[in-house]
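# The following comprises the amino acid sequence and a computationally predicted model.
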Amino acid sequence: MSDLLEQLVHGLTLGSLYAMVATGLALMFGVVRLINFAHGEFYMLGGYAFWYAYAELGLPYPVAGLAAVAAMALFGLAYERGVIRTILARTWHVQLIATLATSITLTNLAIIVFGTQPKEVPTRLSAAILDVGGVRMAWQRLLVLVAAVAIFAGLEWFVAHAKLGKAMRAMSQNREACAVVGVDVQQVALATFGISAGLAAAAAALVSPLFNIFPDVGALLTLKAFAAVIVGGFGYVRGAIAAAFLIGIAESLAAGYVSYAYKDAIAFVVMVAVLLVRPQGLFGRRIGI
Amino acid sequence: MALFETRGLTKRFLGVTAVDAVDLSVEAGELVSLIGPNGSGKTTLFNCVTGYLPPDGGRVIVRDRDVTGVAAHRIARLGVGRTFQLVSVFPRLSALENLLTFLQQHQEENVFARLVRAPRVRRLEAAAVERARSLLDSVGLGARANAPAGTLSYGQRKLLAFAAALMPDPDLLLLDEPAAAVNPTMIEQMKTQIRALHRQGKTVLLVEHNMDVVMDISQRVIVLDHGQKIAEGPPDVVRRDPKVVEAYFGR
Amino acid sequence: MRAARWVLASALLVAVPWIVAAALPGQQRYILHVLIFTALYGALALSYDLVVGHVGSLSLAHPAFFGLGAYAAALLATEAGWPFVVALPAGVAAAAVVALAVGVPMFRLTEHSFAMGTLGFAIVTQIVATNWVDFTHGPLCVTGIPKPQVAGLRIATLPAFYWLGLATLALVAVLYRGLTTFRLGRAFHAVRDNETLAAAASIDPLKYRMLAFVIGGAVAGGVGALYVSYVGVLCPGELTVSLSVNLLVMIFLGGVGSLRGVVVGAAAFTALPEVLRMAPTWRMVIYGLLLLLIVIRAPDGLEGLLRRGGALGRRRPSSSGA
């Protein structure tokens, strides 16, 4: 029984990771209708930034984490300005190929700069074990879940109350109307990318102590995050979060009880299964985030 | 026998009933217009009837065949031609090739014969080109036959789309706002073309906002409002119907 | 006159091994090796262009079909002792069957989802190839794949492989040309350029998308089978997402939708890094940046640039056979 519960805890950790990454993807799609194939690389680079700040510069954990988030937020802004803005008006083929190309470039640059050996970033919390009635887990896992929930709550508040957040929601519902009404669509798009990249970096800072960082980590992550976005109903953030947890738990249970080697295929299987039965996603195609 | 009819056709979107149990029928050889205020469900009805949207209820019958929910390409194959509200052509193909594309599915199916370009196949293809050229001439685009469709003006593309829909010689033609967004000369040309089709015995159902066009050429007018049929009859009668007046002005 | 040029060009291409032996004797092995890869990649790129360039389905599943054909042929040859002339068609068939099975659910998806779905399929195929060690040997690779024997002749020398590769490329080119002109080509292009209108013209978009997808996948499988018979070894690392990126670079570099463009793109893509002797990771960085640049600035690729510059003469209408 404690085995099952430990698998579930692991599933929640995975779910938190996928949810944070999927949220960024869903936000970008909601606001500018673009799928960023390089999104997993935001996580990967965020992870390396965190590793550098924490392991190389020796900064305290929270500071290193925030530094990584800030660095990636800036990267996200630069990415929007440099790459995204030039392809926003183009067909989705061009957008897809362009972001895919960026993904490959970033991954290989990471191999060149950091090497292929995974970076381990153990923290005090990832080493300390919490025992709850026979179920053992690293304290870090609790932190991941709590932080994820806090982040999602913060996002909800942001979209409902903050000027920028409300503008993001409005843009995701009707872009043309926003431009007419005076919303600075370019600014909002820029900010969305900064936030999405920052979210991915936060996920990296929270999860890397448990899972390590390596250049290829982005590819599978993009796929799983996308699976969550699709299963949840394109562009609908809450749906993506729920779907992400579903996928995380399914993957963990599959790894434990079916086969560890094929666990990565689970997200894909869930995605195709849902799409065949309910093409609009589990929670329907909502308009707006 | 009605060439085309809908019985209780219904379509809903996210809680809004766009087409509400509409019964309509068109006899062979009739020229009928479908009118109604914006948002009354005309184009949605067109899309349900031509296979682009699956209806939520009711039936669509073409020549005594139930084609409810049948895919668009199969309905087209049955001899139903249509144009689109936002003019639609194949931009990279020439005007001539646009028309040829509309005929090819109705031609020789024997793959082997086509591979070896048997004489019969070559004759069919030559006949197709003949027909395409003459159609282009009849809409005044003969000189632009080899121009890529994307380089034509909006009005020219509208005429091209019209000619393309005629290429497979459909019995039933559904025209979605043929007089929209074009200059008065073009509108006159459209009216002439549609009248010519009518004289040839073709059945035409058109959706139109331009009341002059509707009153001028239609034999019968059907009025939709909020997805429901509210009136039907000869143009003069419908124009004076209080329900129709209220639908257009009473809000 | 055109026929004479064709004959001359063909004769030259066939004579390449001797020309190279005479002109650059020390380099013969290396040059032939590059040319063989060029021919194989050219055929693969053409099969991919059929799907992406002519019917407009942005599939990322091609590496999986290449791999399926490769593994089918490799395993049948090494484990079951099947001769090349049977293993190759088996590879083609395996890829075709899977393409059919995968295509049905995939084409229910739109645009981004389709791309992601095919990407997911490719990744899962790679995962299976890597982990099903009992069957595919996983990272230990399938080794000792025998050289092909065609009509009693054993194809073991580089010139022989070169001619086999050249014949394959020629065959695929003819198939490609046949599929993308006249009625079929018009149907494909109609679906690509305006799917809604294509349906109004009685053209079934699903049927034509599936046709291109399955044929493209089948050819990819065939190239995979040929590839393993040349290289002799097959590892799961051959089916990565990078191959999709490479294929995209090839077709966009040379000119998507154009036979000449794609072959030129494949040739440039294969020859260049050999000339520049780049490390694999730097190569991918350059390709990524190159692809990004091409797709943003010149989506027609090299062909488009040359056409616009007038170097290739006036453009004839796309696919008319009339």
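It's in.

# only C-alpha atoms for contact and neighbour calcs from this point on.
Fine.

# Roughly how far does C:Ala201 sit from chain B?
5 Å (Cα to the nearest Cα, to the nearest Å).

# quick one: is the longest helix seen in chain B near chain C?
In chain B, with assignment by DSSP state H, the single longest helix is helix B:119-138. Yes - looking at helix B:119-138 against chain C by Cα under 8 Å from any Cα of the partner chain, the contacts come from B:125-126, B:129.

# any chance of these in CSV, plus distance to A:Gln7 and pLDDT?
Compiled in CSV, the residues of helix B:119-138 next to chain C are given as follows (distance: Cα to Cα, whole Å; pLDDT from 0 to 100):
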residue, distance to A:Gln7, pLDDT
B:Glu125, 66, 84
B:Ala126, 70, 88
B:Val129, 68, 92
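
# re the thing from before, tell me the first helix or strand C-terminal of the longest helix of chain B.
helix B:154-166 (DSSP states H and E).

# Give the next helix or strand downstream of that next one.
Past helix B:154-166, the next helix or strand by DSSP H and E is strand B:172-176.

# I'd like to know which elements that following strand is packed against.
Contacts defined by 3 or more Cα pairs under 8 Å, 6 or more residues apart in numbering or on different chains; DSSP states H and E place strand B:172-176 against helix B:42-49, strand B:80-82, strand B:203-207.

# Highest mean neighbour count out of the ones you listed?
Neighbour counts (mean count of other Cα atoms under 10 Å in any protein chain shown) averaged over each of the helices and strands packed on strand B:172-176 peak at strand B:80-82, with a mean of 27.

# any residues touching it, and which ones?
B:50, B:165-166, B:170-176, C:200 (Cα atoms under 8 Å, 6 or more residues apart in numbering or on different chains).

# what about the helices in the stretch 51-200 of chain C?
Ranges of helices in the stretch 51-200 of chain C, per DSSP state H, counting those that start in this stretch, are C:62-79, C:84-106, C:111-131, C:133-136, C:158-179, C:182-193, C:195-200.

# So the third one, near chain A or not?
This means helix C:111-131. Yes - for helix C:111-131, a contact with chain A is found by Cα under 8 Å from any Cα, at C:111-113, C:116-117, C:119-121, C:124, C:127-128, C:131.

# which one of those is nearest C:Phe84?
Checking these against C:Phe84 by Cα to Cα gives C:Val128 as the nearest, at 24.7 Å.

# tell me which parts of the stretch 51-200 of chain C are close to chain A?
C:58, C:105, C:108-109, C:111-113, C:116-117, C:119-121, C:124, C:127-128, C:131.

# And these, which of them are buried?
C:58, C:109, C:111-113, C:116-117, C:119-121, C:124, C:127-128, C:131 (16 or more other Cα atoms under 10 Å in any protein chain shown).

# Okay, now the unreliable bits of chain A?
Along chain A, segments meeting pLDDT under 70 span A:235, A:279, A:284-289.

# biggest helix in it, by residue count?
Per DSSP H, chain A has its longest helix at helix A:2-32.

# What residues of that one count as buried?
Here helix A:2-32 shows A:6-32 as buried, counting by 16+ other Cα under 10 Å.

# Same question for stretch B:133-141.
Those would be B:133, B:135-136, B:139, B:141, for stretch B:133-141 by 16+ other Cα under 10 Å.

# Most widely separated two among those residues?
B:Arg133 and B:Val139 (10.1 Å).

# For residue 23, give me its contacts.
This is for chain A. Here A:Thr23 is in contact with A:196, A:229, A:237, A:240-241 (Cα under 8 Å, 6+ apart).

# hm, I was asking about chain B
Neighbours of B:Asp23 in contact, by Cα under 8 Å, 6+ apart: B:5-9, B:229.

# how about A:Asn212, phi and psi?
Main-chain dihedrals, A:Asn212, degrees, to the nearest 10: phi 70, psi 160.

# so how far is the helix or strand following the longest helix of chain A off the chain centroid?
Of the helices and strands lying after helix A:2-32 in sequence (DSSP H and E), the nearest is helix A:39-51. Its chain's C-alpha centre and that of helix A:39-51 lie 10 Å apart, by Cα atoms, centre = their mean, to the nearest Å.

# is any part of the following helix or strand past helix A:39-51 close to chain C?
Tracing the chain past helix A:39-51, the next element assigned as helix or strand by DSSP H and E is helix A:61-79. No - counting by Cα under 8 Å from any Cα, chain C is not contacted by helix A:61-79; separation bottoms out at 13.0 Å.

# so helix A:61-79 versus helix A:39-51, what angle?
For helix A:61-79 against helix A:39-51, the angle by axes from the mean of the first three to the mean of the last three Cα atoms, to 10 degrees is 140 degrees.

# other SSEs contacting helix A:61-79?
With 3+ Cα pairs under 8 Å, 6+ apart as the test, helix A:61-79 has helix A:39-51, helix A:185-211 packed against it.

# name the helices or strands packed onto the longest one?
What that stands for is helix A:185-211. By 3+ Cα pairs under 8 Å, 6+ apart, helix A:185-211 packs against helix A:2-32, helix A:39-51, helix A:61-79, helix A:139-161, helix A:163-173, helix A:175-181.

# Would you mind giving the helices and strands packed on strand B:172-176 as TSV with distance to C:Val285 added?
TSV is the format used below for these (distance: least, Cα to Cα, whole Å):
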stretch	distance to C:Val285
helix B:42-49	47
strand B:80-82	49
strand B:203-207	55
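
# Can you say which of those is nearest to C:Ala151?
strand B:80-82 (54.2 Å).

# and that closest one, what's its mean pLDDT?
Here strand B:80-82 scores 93 as its mean pLDDT.

# Just checking the distance from it to the centre of its chain.
Centre to centre, stretch against its chain (Cα atoms, centre = their mean), the figure for strand B:80-82 is 5 Å.

# Quick check: closest non-adjacent residue to B:Leu159.
B:Val139 (6.3 Å; Cα to Cα, 6 or more residues apart in numbering or on different chains).

# related to what we said a few turns ago, minimum distance to C:Thr181: which of the helices and strands packed on helix A:185-211 has it?
helix A:2-32 (37.2 Å).

# chain center to the helix of greatest length in chain C: distance?
Scanning chain C for the helix with the most residues, using DSSP H, yields helix C:205-231. On the basis of Cα atoms, centre = their mean, helix C:205-231 sits 8 Å off its chain's mean C-alpha point.
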